[in-house]
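*Asks:* the following block contains a protein sequence and its predicted model.
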2 protein chains.
Amino acid sequence: MSKLLIVGTVAFDAIETPFGKTDKILGGAATYISLSASQFGVKSGIVSVVGGDFPKEYLKKLNDKNINTDGIDIIEDGKTFFWKGKYHNDLNTRDTLITDLNVLADFKPVVPEKFIDTDFLMLGNLHPSVQMDVIKQIPIRPKLVVLDTMNFWMDNTLPELMEVIAKIDVITINDEEARQLSGEYSLVKAAQKIQEMGPKYVVIKKGEHGALLFNDDNVFFAPALPLEEVFDPTGAGDTFAGGFIGHIARTGDISFENMKRAVISGSNLASFCVEKFGTERMENLTYDDIQERLLQFKLLTQFEIELN
Amino acid sequence: MSKLLIVGTVAFDAIETPFGKTDKILGGAATYISLSASQFGVKSGIVSVVGGDFPKEYLKKLNDKNINTDGIDIIEDGKTFFWKGKYHNDLNTRDTLITDLNVLADFKPVVPEKFIDTDFLMLGNLHPSVQMDVIKQIPIRPKLVVLDTMNFWMDNTLPELMEVIAKIDVITINDEEARQLSGEYSLVKAAQKIQEMGPKYVVIKKGEHGALLFNDDNVFFAPALPLEEVFDPTGAGDTFAGGFIGHIARTGDISFENMKRAVISGSNLASFCVEKFGTERMENLTYDDIQERLLQFKLLTQFEIELN
């Protein structure tokens, strides 16, 4: 069984959408990524940090999904990273109301002994110096290293981010971030420029408009599943990344053909994530649910047409 | 060979994009629709109106593509409909600078004798009363009636528009218009409500984000081809409609499976339209070009994945 190491935040989120609001619930990039990837029966572990206020039952929720939490450092006299956000009516844009870094401010990641030889490494959205620290702790290069990042690090820590980008295989960012990072408006050109920075594979996430996968001259597109209702988009991008790396870790196949399936898999998982608040839908998801929805993705995208 | 009747504007456009500007060039919904549909070897004709200032060589351009122009009324002492617009830097939004209706203001459409028995009817974006007038002139209902319209008619002539919508089979509108017409933000719900208004098939155009086809519980998605450069989006929606109805008219097949291909065909044609100013690319397009790009659409969207 492949090993998958996930680095990222484990956090409290408070979310407000047009449909309701929550007080502090389980959140964080590594949480969503690991819950998503856990559907693929891989041996996954998280490297992260939380405070003494983090409920043990949240760790148990992850352990129950066979997610190893030995790498989650618990700072007993510290407080867990907290994010509060409010979505606008279209659910496509949001305001961040509170970002309390707390224990994340001084986070020194330590890869647990049993994940030093991980086959796959997923660097969730986090300070690029932390991501680099983890890369350096793994002596034998994993089969595939995937990076998720965001505009905040481009604005504030670009040199450190560029060093990480030079060392990874796949980058997943959204369309605006791809434009910012490359200086190109056209996503085709943006993907070309980003490939020159290091990653051979560029995944551009367009939210409800789907995701594009670029590698050399190859392009593949996975739509988002059209849903009657989107309840809470929080964690959709991380869930996408978890479905992507989860599929690859399960199959062990890093060909472009298999990455197509991984992008579909990411879209598939993300379509569940947004159906309920926070991690609720991801916690109750079954492999049958995913397989059933995979059929919907096929019906949505597959066509037969003659080529003369 | 199937007959296809196209109703819509034949016009002068003046276009400004970040890449340049044109003075009055050939434009109009029926022009783009017919140039697009002409790739499919159907017997097509236009019902429209122009002024005495409309160059005979423009009519010849259409005739050279086997587009019948008998139904284009020439008002010798009138002026041709004129639209001037300026695109913003992202090419997704534009300002209309001039709309001179001219001869279009008093347009009374007359379906030419040889198209009274048309197999397919494409109602391009135009005053709904004109669209209804054409429907009424055709005694035997065509196999398929497709309507394209826009928010302007929803704002100003909603009762007339609703009467037309009740009589057609397929409606093509963009995402914002679907939301306006239905009062639903979710495109899935919007499509359901619009189907209740009459058309069994709803095509929602999302520009660079592709197009969705809805029919009962069936959904199909055609992406837009990711392009290095979009030069001028003018006419892309009409060209999409022309590729859609052109494919259906060529095959004579109005099944959902074939409509999937028609939506891909529409996206295919639209991807050419935006590569040059105005109708330039459409005038020089060959069937080989289209077939080659169809392969790109397959590579972009098709995947093999096991279903357990």
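*Replies:* In hand now; what should we look at?
*Asks:* B:Phe221 versus the residue lying closest to A:Gly210 once chain neighbours are set aside, what's the distance?
*Replies:* Spatial nearest neighbour of A:Gly210, chain neighbours left out: A:Pro223 (4.1 Å); criterion: C-beta to C-beta, 6 or more residues apart in numbering or on different chains. All C-beta spots, glycine's among them, are computed from the backbone N, C-alpha and C. The gap separating A:Pro223 from B:Phe221 is 5 Å, by C-beta to C-beta, to the nearest Å.
*Asks:* between these two, which contacts overlap?
*Replies:* The contact sets of A:Pro223 and B:Phe221 overlap at A:Leu300, A:Thr301, B:Gly210 (C-beta atoms under 8 Å, 6 or more residues apart in numbering or on different chains).
*Asks:* in helices, which of those residues appear?
*Replies:* A:Leu300, A:Thr301 (DSSP state H).
*Asks:* need the buried ones from the shared contacts of A:Pro223 and B:Phe221 selected in PyMOL.
*Replies:* Provided next is the PyMOL selection string for whichever of the shared contacts of A:Pro223 and B:Phe221 are buried by 16 or more other C-beta atoms under 10 Å in any protein chain shown:
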select buried, (chain A and resi 300+301) or (chain B and resi 210)
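*Asks:* give the lowest-confidence helix or strand of chain A, using mean pLDDT as the measure.
*Replies:* Between all helices and strands in chain A, the lowest mean by mean pLDDT, DSSP states H and E belongs to strand A:20-21, at a mean of 91.
*Asks:* what separates that strand from the chain centre, distance-wise?
*Replies:* Distance of strand A:20-21 from its chain centroid, counting by C-alpha atoms, centre = their mean, to the nearest Å, is 24 Å.
*Asks:* so which elements touch the following helix or strand past it?
*Replies:* Counting by DSSP states H and E, the next helix or strand C-terminal to strand A:20-21 is strand A:25-27. Strand A:25-27 makes packing contacts with strand A:11-17 when contacts are defined by 3 or more C-beta pairs under 8 Å, 6 or more residues apart in numbering or on different chains; DSSP states H and E.
*Asks:* please repeat the previous calculation with a cut-off of 10 Å.
*Replies:* Strand A:25-27 makes packing contacts with strand A:11-17, helix A:56-64, strand A:82-87, helix A:280-283 when contacts are defined by 3 or more C-beta pairs under 10 Å, 6 or more residues apart in numbering or on different chains; DSSP states H and E.
*Asks:* what mean pLDDT does the longest one have?
*Replies:* Averaging pLDDT along helix A:56-64 gives 97.
*Asks:* quick one: distance of that helix to the chain centre.
*Replies:* So, by C-alpha atoms, centre = their mean, the centroid of helix A:56-64 is 19 Å from its chain's centroid.
*Asks:* do the last one as well
*Replies:* Mean C-alpha position of helix A:280-283 versus that of the full chain (C-alpha atoms, centre = their mean) differs by 15 Å.
*Asks:* buried residues in that helix?
*Replies:* By neighbour count on 16+ other C-beta under 10 Å, the buried set for helix A:280-283 is A:Glu280, A:Arg281, A:Met282.
*Asks:* tell me the one of those nearest A:Thr149?
*Replies:* A:Met282 (21.7 Å; C-beta to C-beta).
*Asks:* if I look at the closest residue to the closest one other than its chain neighbours, how far off is A:Arg250?
*Replies:* Nearest residue to A:Met282 in three dimensions, chain neighbours excluded: A:Leu35, at 4.2 Å (C-beta to C-beta, 6+ apart). Distance, A:Leu35 to A:Arg250, by C-beta to C-beta: 15 Å.
*Asks:* looking at these two, which is more packed in?
*Replies:* For A:Leu35 versus A:Arg250, the count of surrounding residues by other C-beta atoms under 10 Å in any protein chain shown is larger for A:Leu35: 27 against 19.
*Asks:* all the helices of the stretch 201-308 of chain A, residue numbers only.
*Replies:* Assigned by DSSP state H, counting those that start in this stretch, the helices in the stretch 201-308 of chain A fall at A:236-251, A:256-273, A:280-283, A:287-301.
*Asks:* now those in JSON lines, with mean pLDDT and distance to B:Phe120?
*Replies:* Output for the helices of the stretch 201-308 of chain A, formatted as JSON lines (pLDDT from 0 to 100; distance: least, C-beta to C-beta, whole Å):
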{"stretch": "helix A:236-251", "mean pLDDT": "98", "distance to B:Phe120": "41"}
{"stretch": "helix A:256-273", "mean pLDDT": "98", "distance to B:Phe120": "35"}
{"stretch": "helix A:280-283", "mean pLDDT": "96", "distance to B:Phe120": "44"}
{"stretch": "helix A:287-301", "mean pLDDT": "95", "distance to B:Phe120": "26"}
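*Asks:* about what we covered before: contacts only, for the residue nearest to A:Gly210.
*Replies:* A:206, A:208-211, A:264, A:267, A:271, A:297, A:300-301, B:209-210, B:212, B:219-223, B:301 (C-beta atoms under 10 Å, 6 or more residues apart in numbering or on different chains).
*Asks:* could you give the number of residues near the residue in the stretch 51-200 of chain A positioned nearest to chain B?
*Replies:* Using C-beta to the nearest C-beta, the closest approach of the stretch 51-200 of chain A to chain B is made by A:Val188 at 4.7 Å. By other C-beta under 10 Å, 16 other residues sit near A:Val188.
*Asks:* which element is it on?
*Replies:* helix A:187-196.
*Asks:* circling back: I'd say the residue of the stretch 51-200 of chain A closest to chain B and B:Leu227 touch.
*Replies:* Yes - the criterion here is C-beta atoms under 10 Å, and A:Val188 meets it with B:Leu227 at 6.4 Å.
*Asks:* with adjacent residues omitted, what lies nearest to the residue positioned nearest the centre of chain A?
*Replies:* Centroid-nearest residue in chain A, with C-alpha atoms, centre = their mean: A:Asp238, separated by 2.6 Å. In this structure, A:Asp238 finds its nearest non-sequential neighbour in A:Tyr32, 3.6 Å apart by C-beta to C-beta, 6+ apart.
*Asks:* give me the below-cutoff pLDDT ranges for the stretch 101-250 of chain A.
*Replies:* For the stretch 101-250 of chain A, no stretch has pLDDT under 70.
*Asks:* which bits of it sit near chain B?
*Replies:* Contact residues, the stretch 101-250 of chain A versus chain B (C-beta under 10 Å from any C-beta of the partner chain): A:175, A:179, A:184-189, A:191-192, A:204, A:206-210, A:212-214, A:217-230, A:247.
*Asks:* counting only strands, which of those make the cut?
*Replies:* Residues from these lying in strands, with DSSP state E as the criterion: A:Ile204, A:Leu212, A:Leu213, A:Phe214, A:Asn218, A:Val219, A:Phe220, A:Phe221, A:Ala222.
*Asks:* tell me the one of these nearest chain B?
*Replies:* Looking across these and measuring by C-beta to the nearest C-beta, the closest to chain B is A:Phe221, at 4.5 Å.
*Asks:* I figured that closest one was touching A:Lys260, is that so?
*Replies:* Yes - counting by C-beta under 10 Å, A:Phe221 touches A:Lys260, with 9.4 Å between them.
*Asks:* more neighbours: the two, which one.
*Replies:* Neighbour comparison, A:Phe221 and A:Lys260: the larger count goes to A:Phe221, with 27 against 22 (by other C-beta under 10 Å).
*Asks:* the more buried one pairs with what?
*Replies:* Beta-bridge partners of A:Phe221, counted by DSSP bridges, are A:Leu212.
*Asks:* quick one: contacts for it?
*Replies:* Residues in contact with A:Phe221, defined by C-beta under 10 Å, 6+ apart, are A:204, A:206, A:209-213, A:260, A:263-264, A:267, A:301, B:210, B:221-226, B:297, B:299-301.
*Asks:* cutoff 8 Å now
*Replies:* A:Gly210, A:Ala211, A:Leu212, A:Leu213, B:Pro223, B:Pro226, B:Leu300, B:Thr301.
*Asks:* that concludes my questions; thank you for your assistance.
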